[in-house]
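Chemist: What follows is a protein structure lacking sequence information:
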């Protein structure tokens, strides 16, 4: 969860990536503070998918790699 008191909170939208630091850890959630403005667009989406493809959950990694492949095909105009 993002800290709502952070000045960058209102800039956050779905599909964005943002560098953040952990400000609070509880038993079932973590609150983070954004430390830089969020990034949007295809670059942010690809970065997020690359991060998911490196996770230990192989089902999510397979889906992320498949989506990255489709994006690359669309970018090439195939």
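Modeler: Looks like it came in fine. For clarity, every value in this text was computed on a predicted model and none was experimentally measured.
Chemist: Helix, strand, or coil at residue 24?
Modeler: Recorded secondary structure, residue 24: strand (DSSP: H, G, I helix; E, B strand; the rest coil).
Chemist: where's the residue nearest to it when sequence neighbours are not counted, which helix or strand?
Modeler: Closest residue in space to residue 24, ignoring its immediate chain neighbours: residue 31 at 4.1 Å, by CB to CB, 6 or more residues apart in numbering. To be clear about C-beta, it is placed using only N, CA and C from the backbone, and glycine gets the same treatment. Taking DSSP states H and E as the definition, one finds residue 31 inside strand 30-34.
Chemist: Can you report how many residues lie near the closest residue to residue 40 other than its chain neighbours?
Modeler: Spatially, and ignoring its direct neighbours in sequence, residue 40 is nearest to residue 16 (4.9 Å; CB to CB, 6+ apart). Residue 16 has 16 neighbours, counted by other CB atoms under 10 Å.
Chemist: What distance do you get for residue 16 to residue 75?
Modeler: 20 Å (CB to CB, to the nearest Å).
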